[in-house]
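Student: sequence-free structure coming up:
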């Protein structure tokens, strides 16, 4: 009996000692080494992943967004591109070098920080870090963008740094969501991406708004739209979209114009204007709803009231150009029937509705030569524009294309366009012509609307405008 | 009792009559109307969706790919962009007009065809259609591309039609998969898409291979890479990628060169060369495996042996430039140490391995000024190239960037580059510099490799080469 208890006691003691040894070896050693600088970096994580590491020691890497001091405490706001988090340095917790490092960090200095992840209800991420050690990477001196107000020209000159502000990163994240939503929408519906060329040989509709380049002795022009090429691609693939930068050398300095902007353009074989409008309204609402799902935090940071966006579900109101013109006259707008709508007209029209409005059947004079005319009225083109609410104007333009060879030839002649530039385009009407439609959506105008920005210059990482080619 | 049975009988008769009426009204009426042409189109479906409509009457819309005749039978091969299917017209099943319409259809004529979906084990899709009616849309006369062999110049001149061939649609579908895989890879790993500008102000590294355009009186150059801008973007977002067309005015006419090509370029803050190589090998294998998952049919049509692609999984072999040079010398290649590898050298190197090989640590003289030098040897640049197997050469180029301000300034001077063009780029080293890396993958070379194509001209819908700007 004594032997039994003795053995038990011995086993218990051995187990206890083993436990203590293990605890000393594995339970605290990393912590110990980090404090002593023996383990300079732990596995690095991003701020968005903090919740998976509660009570663990981790390393974050990023830039100092802001700093506060209070007695023996230093509060470092770190940003790493995914989010921001407060890192608390308590003098009693760290060695002198670490506390001095915290004191030396300036706005936008880069550093690595190791510490314990602890829950904090007041924090936006729900967590803060109790700092154990800091490794300074580079000290930024006199960062030019300070919390004070800066002029637009100054911020645009420093666009490479301005991008780091919380407002600009929020916009870029919404832009990312919008672009991904556009692609997912078409990919999920069986469309094939067909990248159309940027270099195009002939200036189809006059050269005044085209950028030109020397192409090994020939002249090439930068594309304003992939549409004509997409019309060829649907003959191979049925439903396609292109999505790339487009260029317009317009001498306008409005808040809606960029010289370089991205456009997504679907094109569908065997689709008429009604099919096209249905696709467009489903598309726009898909994109808006995706932004609402993924970017609540960013939209909040931009102080975007999301109520009007929640309305953006099909069906959209659909009115003809004639009905739109009537609305303008009723609203007392000085508008001449037959002309295109200006920015102000578009706002008046959009204000009549609680979601985007589609305007179809336009006077043929103000629409492109390739548009199909309405079967019921040869003076009307089967085009459609989609106007965004809240004064953001046209975000989509499209329509049904003329598929008849003879009709298209006579249109090209009537518009005084060079027939030889369209030989391949006319081929599409000779070899298996089909009714077809498509549209284009400008990404930057869409971003401006969804984020409710006053100017498109903030919608693209490095905007290009008439007087802006740098950085 | 008689009354009871009488009522029952009457009820039975009424029910039977109701059933007959219903059957006549709904059971056969569509079928009846279709045969009589009263219902010109049913709900249209795509060929890929046939399996969901077995034994149903549906309408397909597309183009005649091929046709065979045999007595009272006409076999129409219809393609609609999603697939092809055989539509069988039996003279006894259709009215005279329909049979005549089938006879009149020529290659690439567009038509709508309504009929019953029936299983057919011999068919690639597993189904064929028993035709009930045909609606001709347009008759194509003398389609220029016939099953006979055509010269490359002829096919390139007719690229807008050549795209319709089964080989070209297969390539475009693989291209679609590859591009989507690239984006998904980075999106799923928390990268933010940051579209870098096409118009850039200064010719950083000489103008010989840059396309130039007049930008409202200034000179602008078309981007060859978004890298420098991505280096700014990671300061805001940590991990970014850009994905757009890039331009190179190279006077070379090889099978690997286009003047306009698409490139995906990730950039990561706090990442060194090893991190970069790890990302690159995971990325390449992800893209290849996705193509194998999604495009078995297309790869088969291209007669691509998929065995070598199945090998493309991490880890890739990683050798230094010095080791690569040694291999070349061992293989008896006439190669001078210190020079860049030519296409033939790349093939010899790639042939030593069963998957892509990564070559790192290059002589600084043949790499760009912004590359970080190896800590162990200042004569080596921390760059990495990834060579595809099977003679496809470099598909990825990248490396770790120099983050030290003074070092970069002295490099710019040493390379005789204009300092003022890099003021904003140098800012990134003043304000929170961090170790960072990235790479670029050319989409067209990747498509050429995965599809095993002899020339990049087939990898992009509308290729642009030195002597090719049209269509």
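Tutor: Arrived safely, thanks for sending. Only a predicted model underlies this, so the values are computations on that prediction, with no experimental measurement involved. Numbers count the residues shown, from 1 in each chain, chains lettered A, B, ... in the order given.
Student: Quick one: residues contacting residue A:315.
Tutor: For residue A:315, the contacting residues are residue A:281, by Cβ atoms under 8 Å, 6 or more residues apart in numbering or on different chains. Bear in mind the C-beta positions are built from the backbone N, C-alpha and C, glycine included.
Student: quick one: it from residue A:361, how far?
Tutor: From residue A:315 across to residue A:361, the span is 17 Å (Cβ to Cβ, to the nearest Å).
Student: Three-state assignment for residue A:277, please.
Tutor: Following DSSP: H, G, I helix; E, B strand; the rest coil, we place residue A:277 in the helix state.
Student: these two touch, right, it and residue A:384?
Tutor: Yes. Between residue A:277 and residue A:384 there is a contact under Cβ atoms under 8 Å: 5.6 Å.
Student: which residues in the stretch 351-471 of chain A form strands?
Tutor: A:357-363, A:373-374, A:377-388, A:393-401, A:436-442 (DSSP state E, counting those that start in this stretch).
Student: residues making contact with the third one?
Tutor: For strand A:377-388, the external contacting residues (Cβ under 8 Å, 6+ apart) are A:272-273, A:276-277, A:280-281, A:284, A:316, A:320-321, A:346, A:349-350, A:356-364, A:367-368, A:371-374, A:393-400, A:439, A:445-446, A:449.
Student: Identify the neighbouring strands of it in the sheet and state each direction.
Tutor: Strand pairing for strand A:377-388, using DSSP bridges, gives strand A:357-363 (antiparallel), strand A:373-374 (antiparallel), strand A:393-401 (antiparallel).
Student: just so I know, which of those lies nearest residue A:63?
Tutor: Between residue A:63 and those, the tightest spacing by Cβ to Cβ is seen for strand A:393-401, at 34.8 Å.
Student: now the closest one against strand A:436-442, angle please.
Tutor: Using axes from the mean of the first three to the mean of the last three Cα atoms, to 10 degrees, the inter-axis angle of strand A:393-401 relative to strand A:436-442 is 160 degrees.
Student: in strand A:393-401, what's buried?
Tutor: By neighbour count with 16 or more other Cβ atoms under 10 Å in any protein chain shown, strand A:393-401 contains the buried residues A:393-401.
Student: again, but for stretch A:277-293
Tutor: A:277, A:279-288, A:290-292.
Student: Confidence-wise, which helix or strand of chain A is lowest on average?
Tutor: helix A:29-36 (a mean of 43; mean pLDDT, DSSP states H and E).
Student: OK, contacts around the closest residue to residue A:413 other than its chain neighbours?
Tutor: Spatial nearest neighbour of residue A:413, excluding adjacent residues (Cβ to Cβ, 6 or more residues apart in numbering or on different chains): residue A:419 at 7.3 Å. Residue A:419 makes contact with A:409, A:412-413, according to Cβ under 8 Å, 6+ apart.
Student: list residues touching both of residue A:277 and residue A:384?
Tutor: Common neighbours of residue A:277 and residue A:384, counting by Cβ under 8 Å, 6+ apart, are A:358, A:360.
Student: Many thanks, I have nothing further to ask.
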